[in-house]
Structure formats: structure tokens, C-alpha cells
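A.B. asks: sequence and predicted structure, then a few things I'm wondering about:
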Amino acid sequence: MAFSRSGSVSFLILAAFFAVLTNQALSSRVTPFIELPSSIADLESQSDLSVGSYCESWRLAVETNNAGSWKVVPTKCVSSVAIYYDKGQFARDYNVVANYALAFARTIKLGGDGKDAWVFDIDETLLSNLAYYSAHGYGSEPYNSIAFNEWVVEGTALGFRASVRLFNALKKLGFKIILLTGRDEGQRSITESNLRDAGYSGWERLLLRGHKDQGKAAVQYKSEQRESMVKLGFKLHGNTGDQWSDLEGFAVATRSFKVPNPLYYIP
């Protein structure tokens, strides 16, 4: 089809007009809905962000490991963390984790050779040190190894209802329970006694830090310990812990289940 010169000019003008309109429309459409702050300081200083809302978001970032390695609970979030435990939300969250873990465990066809295993951390996974941390600012104070070890040797830490339920249900299903903790070998006796008092019994292994493990990062130490169990023939179907360092590394379980812990972080 042929066009006249005047027709071509008119067509080009019309096309240019629509191009301008289209570019303006696209420009308005690609404008971001959220202007992300340039720093954490900017985020914390936003006037429309309440302290309670910020602390809920902070706790989510901690649990999803987006906060990375952090030292202490922000001072402004101490009351929020206290409420999280005292009003029962922590217990409800743990209960959901336990339900997912147990649902997964029921899908496993055990080999019948006594080597199907489930790994548990101890502190903040089976035993609660909330009584200690509530007396030390709910995690807002820097970690004091001397004070914490004095608490440990008292042997009065309580168990969590959800963890006791999960622990006993896994045993009933036929899983061998392997306890893997960062506690020192010298604390074996008091740890065993505390666990029994809290409602746990019948575990297969209790692995603690020996002399050669001192100074190792948690991920390395726990990975090596899990690997030693694999070499003995254990099949690690599940792993439950409150720290990402309980779950990551090598010789990992088929499924890992992270228990909430906004009190402290162990790299």
C-alpha cells in the first residue's frame, strides 16, 4: 500500500504523540511502591514506624537469618521480647514447629536397624534458659560465659511442652534421639540430670564439646559431630535447633526445623 508524503508526515507526528503518552504511562507504572531506606538507621528513625511494629519486623529478620550475626537484642525491643514469651506467643510458635516436624517424621519409613535418627540441640531447644535471660535483660546484655555457666550447673532449666511432646513422639515412632549441644563435656552429669528432670529420657547419644572441640565455631563443631554419627551408620532424618548454626554446615539432616529464639545468636 502506498502513502503520500503528507500522509507519511501526519503518521509520524501521530506516532510520536502516542510514544510520548506511552513513555509517560510506563514511567508512572515503574515508580516503586516502596522507597527502601538506605540504612538500618534510616529504617529505625522512620516516624511512621512504631517501636512495637519495628520489633516485630526485627524478630522476623532474626528468625529468617536476614539480620546476620547480631550481638544483643535492641534496647527498644526488650519489652517486646518479654511479651513474646510471657504472653504465650513463643509457646504457640514452637508448637507449630513441633507439629510440622512430627508430620514429617510420620512420612519416614524406618529401616528397622536402629539407625534412623533425629538430632536435637539442647539449650533453647529442649531446655529453656528464659529464667536466666529474663534476669539479664532478655538478651539485651552482652553474653557473660561465667554467669551463664553458673546458671547451667544449677540444673534447674525447664523443658518446653512442645519439645517434650515432640521428643517422646519421635521415640515412640522408633527414631533414635541424638542430643548435640555446645555445652562442655565437664557439664555432662548436670546436663543429663537436668534433662531427666525436665521430662526427657531414653536418648541414644549425648554429644558435648570435648577438649579438641574448644574454640571451634558452632557450625564446624556440630557438622563434625553429625558426620561422626553418619560414619557410625546413623541416618539423620531430622534436626531441631534454635540456631541456624545448629542446622547448617555439612552432614545435615534430611529436614531441619528451626525453633524461635530472639534472645541470642550463635554463629
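C.D. replies: Sure, I can see it. Residues are numbered from 1 along each chain as shown.

A.B. asks: once you drop chain neighbours, what's closest to residue 244?
C.D. replies: Counting by Cβ to Cβ, 6 or more residues apart in numbering, residue 244 lies nearest to residue 65, which is 5.1 Å off, once chain neighbours are set aside. For every residue, glycine as well, the C-beta is placed using N, CA and C.

A.B. asks: assign the one you found to helix, strand or coil.
C.D. replies: Following DSSP: H, G, I helix; E, B strand; the rest coil, we place residue 65 in the coil state.

A.B. asks: look up phi and psi at it.
C.D. replies: Backbone dihedrals for residue 65, given as degrees, to the nearest 10, come out at phi 70, psi 20.

A.B. asks: in stretch 165-178, what counts as buried?
C.D. replies: Buried residues in stretch 165-178, defined by neighbour count with 16 or more other Cβ atoms under 10 Å: 165, 166, 167, 170, 171, 175, 176, 177, 178.

A.B. asks: from these, which land in helices?
C.D. replies: 165, 166, 167, 170, 171 (DSSP state H).

A.B. asks: can you give me the strands in the stretch 151-267 of the chain?
C.D. replies: Here the stretch 151-267 of the chain has its strands, by DSSP state E, counting those that start in this stretch, at 158-159, 176-184, 205-209, 235-241, 255-258.

A.B. asks: so which of those strands gets nearest residue 152?
C.D. replies: strand 176-184 (6.9 Å; Cβ to Cβ).

A.B. asks: got the CA coordinates for that closest one in CSV?
C.D. replies: Taking Å, rounded to 0.1, in the frame of the first residue of the first chain, the C-alpha atoms of strand 176-184 are listed here in CSV:
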residue,chain,number,x,y,z
LYS,A,176,16.9,-42.8,67.9
ILE,A,177,17.5,-39.5,69.6
ILE,A,178,20.9,-37.8,69.3
LEU,A,179,21.5,-34.8,71.5
LEU,A,180,24.1,-32.4,70.2
THR,A,181,25.0,-29.4,72.4
GLY,A,182,27.6,-26.7,72.6
ARG,A,183,27.9,-27.4,76.4
ASP,A,184,31.3,-28.7,77.6
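
A.B. asks: that one pairs with which strands?
C.D. replies: Sheet pairing of strand 176-184 (DSSP bridges) gives strand 116-120 (parallel), strand 205-209 (parallel).
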